[in-house]
Structures are given as C-alpha cells and as structure tokens.
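**Q** I would like to see how this sequence folds:
(chains A, B, C and D)
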Protein chains: 2
Amino acid sequence: MKDTRLKDGPDIARIGSLIGDPARANMLTALMSGKALTASELAAEAGVSPSTASAHLGKLEAAALVSQRRQGRHRYFALADDDVGGLLEALMGLAARRGHTRTRTGPREPALRRARVCYNHLAGELGVQLYDSLRNRNFLVVADDGIGLSPDGREFIATLGIDLAPLEGGRRPLCKTCLDWSARRPHLAGALGSALLDRFQALGWAARQEGSRVVAFSKAGETRFAESFPP
Amino acid sequence: MKDTRLKDGPDIARIGSLIGDPARANMLTALMSGKALTASELAAEAGVSPSTASAHLGKLEAAALVSQRRQGRHRYFALADDDVGGLLEALMGLAARRGHTRTRTGPREPALRRARVCYNHLAGELGVQLYDSLRNRNFLVVADDGIGLSPDGREFIATLGIDLAPLEGGRRPLCKTCLDWSARRPHLAGALGSALLDRFQALGWAARQEGSRVVAFSKAGETRFAESFPP
DNA sequence: TTCATGCTTCGATCGTAAGCGAAACGTCTT
DNA sequence: AAGACGTTTCGCTTACGATCGAAGCATGAA
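**A** Here you go, the predicted model:
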C-alpha cells in the first residue's frame, strides 16, 4: 500500500466515490424526486439486480446519504436530508454547465428547466420566479443567518391557505435557498418551499409527472401561479 | 454490458467518480489553496508517482475541473473556476457534518476553522465575520440575482486601498456567496472576495501558511481586521 | 551541442469493487 | 400452514482503473 498521505480535512473522496458509481448516481437522482422509493424500484431505476441494489443502498445508508424506513415487507429509501439534495443539485449544475450530459437533451429537458421538483420543493424557471416574486414584495427578507418571512410575508402565505404553525419549531429551517442548476439562481427550499409545492398540487395547479422530476402545471394553474407570484 | 439505463439530466457520476479517487481528491484539495501547483508538486501532494499523477491530471483537465498553464518546462495546474471551488467546499461541508473526516481532528483543524483560504478568498470564522459585517452596515446588499456593493460599500472598499475598477467588467462576478463548510454560513467570494484576501496579506495582517489552507493572522492584524469589520 | 529536468506515453501488473444467481430470511396473504 | 413476494446474505466471477517503471519528448541550462 502506497503512502495514501493522511491529509487533514473532511473526506471528500468517500462521498465522491459513493456518487461516482453510475448505479448509485441513478438511484440518488431518482430520489431527487423527493418520493421515497423501495429497494426494488431503485434497482429497476438503476438497471441492476435486486442484490446489487441492496449492496449499494447499504453503502449509501452507512454513509448517511440516504435513510431507510421499513414498512411491512418493503423498505422505503429517501435522501437523508435537504443537504444531500442540495449537494446533488449543485453537482448537476456543474455537470450541466460543463456539458457533461449523459444523453442528448431529450424531449423532457425543456419541461425540466421550466418546473421540476428539487428533492421536495419547486425548482426551475417557475421556482426562481416564485423566489424573486416573494423577494420583490419584501415577503422574503434576508436575515443574519439565512432568509426568513416578513410579517407581510406571513400574512400572504396564510392567504394561500398554508398554516405556518406546524412548519416552525421543527429542526428543519422554514426558509432556505437552494441553487438552481438550470437557472443558476437561488430558489426557495426548506419547510416552506416544500409546503408551497404541496399546496400547488392540492390546489390542482400542478401535478407531478409519474417517474420523473417534471412538475406539470395546467394552463389554468399556471395562470393562477402567475397571479399569485407576479414576476 | 448491462442496461446502464440512459437517464436524462446531467452526468453527476462522471464528476463524482473523478472526485472519488483519493489521489485526485488530494490534488483537488491541495488546489483549494488557490495557488497553481506543478504536476510534480501535485504528485507529491497525492502521494503517487509522476506518471500516475499525469494520468489523473489529464482526466481532471478533460472534464474541465482543472486548467493547465504551461510555463517553461513546468505545467501549472489550478482549479478551472470558482464553481469547482464552491462544489468542493460544499462537499467538504457535507462530509464534515457526517463526521467523514479522514483523520482525527489534527492540531491544524482549529486554525482551519478560524481562517482559511477557500480557493481564492477568505473562509472560516473570520470569513463569515467579514461577510456579516459588510451586510450589517448595508455595504453588501442582496440584488435580484445575487449580491452587490452599495454606493456606501464601494466607498468603504476604496478606503481599504482596493481599486474596484479592474475587478469589474470581467466575466467574473464582483460579489458572490460561498457556503462555509465549518460555519455553515455564507461568506464572500468572487473578485472582491479574492481582492480582499490579497489586500489583507499586502497589509501584513495575515500570511498564508505554507502548504496548507490556513490563513494565519498576526495579533496586530487581527485587531485591525476587527476594527475594519466589527461583528 | 550536450546534458539535466519536468512531464507524458506506453506496457504490464494488480486490487478492488461491481455484478450476478442461488439460497436464506421476513412479512404479508389466503 | 403454505405459499408469494420483497429484501438481504453469500460465494464467485469479472472487468475496470489505479499504479508503477522504463522509455520518449520537450524545454532550459552549460
């Protein structure tokens, strides 16, 4: 064994190699949809046999990149937390900017840029518009250590039919920014970002597209969205 | 060859596996110091022979993670751009938070948390203090698509002896935020962040510690720093 | 020119980790 | 209880990529 020089600092190679395997990368990207998936679904998604998928998931869990929830005879996997999602999005951004796309830009690509789910919140052009709109009206303000809702903002969110109470107090921050890989601009993450996306679906404005990260807004839904979040 | 399912989206596995090799990870971390290093220096840093180092550097360059500048019979390598530095810092953050540290926290670790160079700007506690101080006095303001200097801020920067003119107009943004892995808070990157660090060194407030990312402030330097950037 | 230095190319070796199928283990159904 | 299904464990094979030393190219020095 060679010198493999012990250097200080965090072990970035460990995480890198974890993400570096195509099968695992596919699984992680699939989990970026925010939905928890079973081991077999992930196996199919990655194109490997159940046994190898199991091995991969074991490693990802050992490194705390994904978490496992057993339910009956199924095991549901999800990204461990928002940080992992953020890192993956950042990676995608860099990869995309370098032109490291895995396949020629498919038909779904424009839809992805328009509106997609980023782990659990809205990203893409509409995600950025949402963020900017809130900022322009001073609903979202920059605080010392992050961003937060102004009093006006809290009121506005209430008019959308979202109850803020259960979102606060948890360990998860209410508002967070996340960097968009397509637009290279921040958008809203955190508990509120997540709640907003849920709300859009509940209102029938948008629907998740099965098996992809695309968020499809209906014609009417997009109009309502634009009314609520003018550019 | 199995199905290795062609999926849409950027190829994050490519970059992941690039970072995932310990030798390459060492090289990249070494380059986070911001200094351009020769191939042989990087080989030593990574603990591998010149020939393997060459192979690694070839791959990193092909993927546009590092750039090469030939000077005489030397080849100087550096991170390709700020984005790469940002990604690495993000990776370190995640790794550190999961406790994936390569070695037990060494003696240099506290110094790293205090003040270190993040590719080309100041990070760590002092980096965050710098950022917060500028924000609190409204020298740094959040604009639509990032952050920028206010008129007051421009004046203040001038009093530090920094000429803004050459920093602007380039392709590189003047101000950018970068997420700190130790403090989990944003700090100032971009052309201004870089210029400030240079200025601190020119003023004799701080000196780079050879062969590491530590930025060592002198006693007097730290006092002056605190005067200029009160918490 | 000739020699030293820095780096890359080449050919070959070797270790690790990804992959599969078969079998064991739980859990739910009937 | 028996079977079906989802998941993991085990043993084995295989392939890719990291590694090195020796030789080949440049560039700068003498």
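**Q** point out where chain A drops to low pLDDT.
**A** By pLDDT under 70, the weakly predicted segments of chain A are A:1-9, A:101-109, A:143-146, A:171, A:183-184, A:211.
**Q** got the residues of it near DNA strand D?
**A** A:2, A:4, A:38-41, A:50-51, A:53-55, A:57-58, A:68, A:73-75 (Cβ under 7 Å from any atom of the strand). All C-beta atoms are positioned from the backbone trio N, CA, C, and that covers glycine.
**Q** if we use 10 Å, what do you get?
**A** Residues of chain A found near DNA strand D (Cβ under 10 Å from any atom of the strand) are A:1-4, A:17, A:20, A:22, A:37-44, A:49-58, A:61, A:68, A:70-77.
**Q** please pick the buried ones from these.
**A** A:17, A:20, A:22, A:37, A:39, A:41-44, A:53, A:56-57, A:75-77 (16 or more other Cβ atoms under 10 Å in any protein chain shown).
**Q** and DNA strand C, which of the residues you listed reach it?
**A** Answer for those near DNA strand C (Cβ under 10 Å from any atom of the strand): A:S17, A:G20, A:P22, A:A43, A:A53, A:H56, A:R75.
**Q** of all the buried ones among the residues of chain A next to DNA strand D, which comes closest to B:S33?
**A** A:S17 (22.9 Å; Cβ to Cβ).
**Q** run the chain-centre distance for the helix or strand hosting A:G221.
**A** Under the criterion of DSSP states H and E, A:G221 resides in helix A:219-228. Centroid displacement of helix A:219-228 relative to its chain, using Cα atoms, centre = their mean, to the nearest Å, is 22 Å.
**Q** show the residue spans covered by the helices in chain A.
**A** Secondary structure of chain A by DSSP state H: the helices cover A:12-20, A:22-31, A:39-46, A:50-62, A:82-97, A:108-114, A:125-136, A:151-159, A:190-202, A:219-228.
**Q** same list (the ones you listed) but as a markdown table, adding distance to B:R98.
**A** Listed next are these as a markdown table, based on distance: least, Cβ to Cβ, whole Å:
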| stretch | distance to B:R98 |
| --- | --- |
| helix A:12-20 | 8 |
| helix A:22-31 | 15 |
| helix A:39-46 | 21 |
| helix A:50-62 | 10 |
| helix A:82-97 | 9 |
| helix A:108-114 | 29 |
| helix A:125-136 | 27 |
| helix A:151-159 | 33 |
| helix A:190-202 | 20 |
| helix A:219-228 | 37 |
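**Q** what are the structural domain limits within chain A?
**A** Domain ranges of chain A: A:12-80, A:83-228, per automatic domain parsing.
**Q** would you list those domains in TSV and tack on distance to B:D180?
**A** As requested, the domains of chain A are exported to TSV (distance: least, Cβ to Cβ, whole Å):
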stretch	distance to B:D180
domain A:12-80	15
domain A:83-228	11
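**Q** out of these, which is closest to B:L112?
**A** Smallest distance to B:L112 across those (Cβ to Cβ): 14.2 Å, for domain A:12-80.
**Q** which parts of chain A sit against DNA strand C?
**A** A:1, A:17-18, A:20-24, A:26-27, A:43, A:46-56, A:58-59, A:70-75.
**Q** just those that are near chain B?
**A** Contacts with chain B within these, as defined by Cβ under 8 Å from any Cβ of the partner chain: A:S17, A:L18, A:G20, A:D21, A:P22, A:A23, A:R24, A:N26, A:A46, A:G47, A:V48.
**Q** of all pairs in those residues, which one is the farthest apart?
**A** A:S17 and A:G47 (19.5 Å).
**Q** ok, residues contacting stretch A:65-80?
**A** A:15, A:18, A:27-28, A:31-32, A:34-39, A:42, A:57, A:60-61, A:64, A:84-85, A:88, A:119 (Cβ atoms under 8 Å, 6 or more residues apart in numbering or on different chains).
**Q** the spatially closest residue to A:Y119 that is not a sequence neighbour and B:A90, how far apart?
**A** Nearest-residue entry for A:Y119: A:G85, 3.2 Å, with adjacent residues in sequence omitted and distances by Cβ to Cβ, 6 or more residues apart in numbering or on different chains. Note on A:G85: its distance to B:A90, by Cβ to Cβ, to the nearest Å, is 12 Å.
**Q** in CSV: the ones next to chain B among the residues of chain A next to DNA strand C, plus distance to A:L149.
**A** As requested, these are exported to CSV (distance: Cβ to Cβ, whole Å):
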residue, distance to A:L149
A:S17, 40
A:L18, 35
A:G20, 39
A:D21, 40
A:P22, 41
A:A23, 41
A:R24, 37
A:N26, 37
A:A46, 39
A:G47, 43
A:V48, 44
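**Q** quick one: which of these is most hemmed in?
**A** A:A46 (27 neighbours; other Cβ atoms under 10 Å in any protein chain shown).
**Q** where's it relative to A:P22, distance?
**A** Applying Cβ to Cβ to A:A46 and A:P22 gives a distance of 8 Å.
**Q** equivalent analysis for A:N136, please.
**A** 42 Å.
**Q** repeat that for A:G34.
**A** Noted for A:G34: a distance of 22 Å to A:P22, by Cβ to Cβ.
**Q** how about A:R116?
**A** From A:R116 to A:P22 the distance is 21 Å (Cβ to Cβ).
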